[in-house]
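**Q** Task: produce atomic coordinates for the following.
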Amino acid sequence: MRIATSIFRLTLCVLIGLSLLTAVSCSNNRSKKECITFVEMKDPTSDTLSDWSNVPKGLNASFISIDDKLPKSVAPE
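**A** Have a look, this model is predicted:
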């Protein structure tokens, strides 16, 4: 009888704790941060008719050194 009561109390405490943790962690009280000082770099090339047909459709990603600059209007190689 004592073991059953202890298990019941432990289970009840865990359920109440998880409920409180969920309620606290799911509330969004933080203010939204904005980056008002960011200015996008101008495109150094004047080529507005570049061919992007070789780039596969969908989401693409690449990683380069921060020292390298790639123009936006030219497809990466």
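
**Q** how deep is residue 43 tucked in, by neighbour count?
**A** Neighbourhood size, residue 43 [other C-beta atoms under 10 Å]: 12. Any C-beta I mention is one placed from the backbone N, CA and C, and that applies to glycine too.

**Q** what do you get for residue 73?
**A** Taking other C-beta under 10 Å as the criterion, the count of residues near residue 73 is 14.

**Q** contacting residues for it?
**A** Counting by C-beta atoms under 8 Å, 6 or more residues apart in numbering, residue 73 makes contact with 43, 45, 47-48, 50.

**Q** Could you single out the nearest of those to residue 4?
**A** residue 43 (72.2 Å; C-beta to C-beta).

**Q** Go ahead and confirm that closest one touches residue 72.
**A** Yes. Taking contacts as C-beta atoms under 8 Å, residue 43 lies within contact range of residue 72: 4.7 Å.

**Q** contacting residues around residue 47?
**A** Residue 47 touches 71, 73-74, counting by C-beta under 8 Å, 6+ apart.

**Q** Pick the one among those closest to residue 55.
**A** residue 74 (11.1 Å).

**Q** ok, the closest residue to that closest one other than its chain neighbours - contacts?
**A** Take residue 74 and drop its neighbours on the chain: the residue closest to it by C-beta to C-beta, 6 or more residues apart in numbering is residue 50, 5.3 Å away. Contact analysis of residue 50 by C-beta under 8 Å, 6+ apart lists 73-75.

**Q** what do you get if the cut-off is 10 Å, keeping everything else the same?
**A** By C-beta atoms under 10 Å, 6 or more residues apart in numbering, residue 50 lies in contact with 71-75.

**Q** where's it, which helix or strand?
**A** Using DSSP states H and E, residue 50 is not contained in any helix or strand.

**Q** For it, what are phi and psi?
**A** The phi/psi pair for residue 50 (degrees, to the nearest 10) reads phi -70, psi 150.

**Q** quick one: it from residue 75, how far?
**A** 6 Å (C-beta to C-beta, to the nearest Å).

**Q** Same check on residue 42?
**A** Applying C-beta to C-beta, the value for residue 42 to residue 75 is 18 Å.
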